[in-house]
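Enquirer: missing the sequence, but the structure's below:
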C-alpha cells in the first residue's frame, strides 16, 4: 500500500534523518528562524490588538490544529479530516464543563478542572475515531474521518441537550487568575504562542524519537514493520492519540478566542479548511502548518477587500481558496515549503554550476 | 445465500429473525399494548416507507460514487457537488420547459459531460495517484460549491412534481382498524413510490449491464485488475470515461430526484456526500449490491431514528458505520 509514496506526500524519510541527526534542530542554526522567533516574541510591541489576535493569534491556533494533521499525514501517512472535529469537541467540552451563558447546559466547573477534562475527553474521542480509521488503509482513512467529522457536525446541529443545537453555546468564560485576565490581548497572545511552540517542538521531538521513527517506518512499509515485530495498528492509534491531544489544545484556545462555539465552527467546510492549510503550507514539515495557516488567515481577512478593490465580488473568497488549493495540489505536492525548498535547491544548483562544481 | 447460512449460522438466524419481526410489524394489525409502547402504526409505516424511498435516493447517489471508486480507485469527494449541480440543472429545465421527464434527461447529460471533462482534463493526468486525486476532488468540491452559490444564491429550490404524480395513493397496508371493524389503509405520496420504483429499475439495469454485457465484463475485470485489463488490449481510458460519465450522470439524476421530494440548497452537496460515504462504507466499496443494501439500511436507520429518537438520529447512522467497521471493515457485501 504505497498510496502515499506515489504522491510524495510524506515527510523527510528517516534515512535522511539518520544521516543528519541534527536535521530537525537544524533550524536553530538558521538566522531566519531566530529572526521569526524574536519577531513573534516581541509581536505585542509591533502589532495592535486586531493584528495580534485576529491575524497572528488565529494563525497560531489554526496552525496548531493543522500541525496535528501534518503529524498524522506527514509522519503516519494518514490523512485525517477529523482534526478540526476533535478541536471542536474539545471546545464544546470546555463550554459544557466550564462556565457559559447557557446555564442549563454548562456544569460551571472552574477552568482548571474543565480544561483538562475537555482535553482528556477530546483525546479519547480522537483516539476512538483513530482506532476506527486504522481498520482500513490509505484512501479509506479520508472517507471514514470525513464521515466522522460530518456526523459530529450534524449531531451537534440536532442535539439540544448537550450541544444546544444550531445556536451553539455562547459567552463562554475564559481563565482569570493571578490578577490577570488571560483573554485580554497580550496575555492571550503569549498563551497561544507558548502552546504553539510547545506543540511544534513536541512534534519535532517525536519525529526523531524511537516512536516517531517507527511511525515513519509504518508509513513507508507497514508489512515490513509488522514482520519486524512492531505493532502497526498500535503505532497508528498512538499517533492519533497524540495528534488528538494537539488538536484539542488548539480547540480549547479557539473557544477561548471566540468565547462561543456552534456547529458552524465545526462544519465540514471548516474541516476541509484545515486540510487546505496543511497542504498549502506543505505537509512534510511541521513549520508548513503554520505557514499555511498564515496564508489562509491573510487571505480570509483581506481577500474580501482585495477582491472588491480589483472590481470583483468580495464574496468569492472560497473560490479563491479552492483554486489556490487546486493549483498547489496540481503543481507542488509539497506546498509552499516544497516550493521554497525547490527554489533554494535550484539556486544552490545554479551556484554550484557557475562555480564549476560537478557534484550535486 | 446458502453458503452464507452454512458459514455464519448465528448471523443468518439473527438476520432472519430481524426481517421476520420487521415484516410482522409492517403487515400485522398492531395489538393495543404495542401501540401504547411505541406509538401508532401509521407513524411507523410512514417512517419505514420514507426510509425505503430515501434509501432509493441514496442508492442513486452512492451507486455512481461506488462505481467510480471501484474501477478507478478515485474517491470522488466532488460527488455531492455533482448531485447538487444535477439538481440545479433539473430545476432550471423543469421551470423553463415545465417537463419533469426532460429535466432528468438534461441533468443526466449535463452532469455526465462535467464528469467526462473531469476525467479527461484532470484525473487522467494523475492516474494511480489516489491521494492526489482525492485532494483534487476536494478542491473541486470547494470551487463547485462556491460557483453554484454564486449562480443560484442561498435560496431553497424545489422542483415541481408533475400533476400526474401529485397526491397520495392508498396502499394495501392496514394501519389501524376502526371500532366499526373497518380497516384503515396507508396513504402514501405516489411520487415517492414512482421514484423508488425507478431507482430499483436503474439498479437492476445496472446490475444486468455489469454482469451480462461485454462492457460490464470489462468494467468488472478492471475492478479486479486494471493493469492486466489494459494489457489485454482493451482501451481502458474509454472504459474509464464511460464509467465516470455514468457515475456522474447518476448523481445528476439523483439531484433531480432529491430536488423533487426534498429541496436544493447549498449544503445539500455535503449532506449527500456524507450519505454516499456512509452508504459505501457500510455496503462495501466498489460493490453495486453493497450500495443498494447500505442505502436501504442507512435510509431506514435515518428515518426510524428521526421518528423515535429525534435528537440522536444521526448517531444511529454513525453507530451502524462503526459496527460495520468493527466487525467487517471491508463492508457488508465487499468481496475482499
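Expert: Good, I have the coordinates. It should be emphasised that the depicted structure is a prediction, and the values quoted were computed from it without experimental measurement.
Enquirer: Which helix or which strand is home to residue A:104?
Expert: Taking DSSP states H and E as the definition, residue A:104 sits outside all helices and strands.
Enquirer: Got the confidence number for it?
Expert: At residue A:104, the pLDDT value in this model is 75.
Enquirer: same thing with residue A:19?
Expert: Note on residue A:19: pLDDT of 41.
Enquirer: go on, the one 10 residues further on?
Expert: pLDDT, residue A:29: 64.
Enquirer: before we move on, what about residue B:269?
Expert: 86.
Enquirer: residues in the stretch 201-350 of chain A within reach of chain B, list them.
Expert: Within the stretch 201-350 of chain A, the residues that sit near chain B (Cβ under 8 Å from any Cβ of the partner chain) are A:267-269, A:272, A:275-276, A:279, A:313, A:315-316, A:318-319, A:321-323, A:325-326, A:329-330, A:333. Quick note: C-beta positions are derived from backbone N, CA and C, even for glycine.
Enquirer: Can you name the residue of the stretch 201-350 of chain A nearest to chain B?
Expert: Minimum separation of the stretch 201-350 of chain A from chain B (Cβ to the nearest Cβ) falls at residue A:322, amounting to 3.4 Å.
Enquirer: How many residues are close by that residue?
Expert: 23 (other Cβ atoms under 10 Å in any protein chain shown).
Enquirer: got it, and residue B:184?
Expert: Neighbour tally, residue B:184, other Cβ under 10 Å: 14.
Enquirer: Quick one: residues contacting residue B:294.
Expert: For residue B:294, the contacting residues are B:58, B:62, B:278, B:279, B:280, B:281, B:282, B:283, B:284, B:331, B:332, by Cβ atoms under 8 Å, 6 or more residues apart in numbering or on different chains.
Enquirer: Which single one of these is nearest to chain A?
Expert: residue B:278 (5.5 Å).
Enquirer: Quickly find the element holding the closest one.
Expert: Applying DSSP H and E as the criterion places residue B:278 in helix B:268-283.
Enquirer: for residue B:89, same thing?
Expert: Using DSSP H and E, residue B:89 falls in helix B:79-97.
Enquirer: other SSEs contacting that helix?
Expert: helix B:41-72, helix B:100-117, helix B:130-152, helix B:236-261, helix B:268-283 (3 or more Cβ pairs under 8 Å, 6 or more residues apart in numbering or on different chains; DSSP states H and E).
Enquirer: My read is that the residue of the stretch 201-350 of chain A closest to chain B contacts residue B:137, right?
Expert: No - using Cβ atoms under 8 Å, residue A:322 is not in contact with residue B:137; the gap is 11.5 Å.
Enquirer: Spell out the residue ranges of the strands in the stretch 101-250 of chain A.
Expert: For the stretch 101-250 of chain A, strands defined by DSSP state E, counting those that start in this stretch occupy the ranges A:176-177, A:180-181.
Enquirer: Switch those strands over to CSV; also include mean pLDDT, distance to residue A:263 and mean neighbour count.
Expert: CSV is the format used below for these (pLDDT from 0 to 100; distance: least, Cβ to Cβ, whole Å; neighbours: other Cβ atoms under 10 Å in any protein chain shown):
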stretch, mean pLDDT, distance to residue A:263, mean neighbour count
strand A:176-177, 74, 28, 11
strand A:180-181, 71, 28, 12
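Enquirer: so residue A:317 is in which element?
Expert: Using DSSP H and E, residue A:317 falls within helix A:317-331.
Enquirer: list the buried ones in that helix?
Expert: By neighbour count, with 16 or more other Cβ atoms under 10 Å in any protein chain shown as the criterion, the buried positions of helix A:317-331 are A:317, A:318, A:319, A:320, A:321, A:322, A:323, A:324, A:325, A:326, A:328, A:329.
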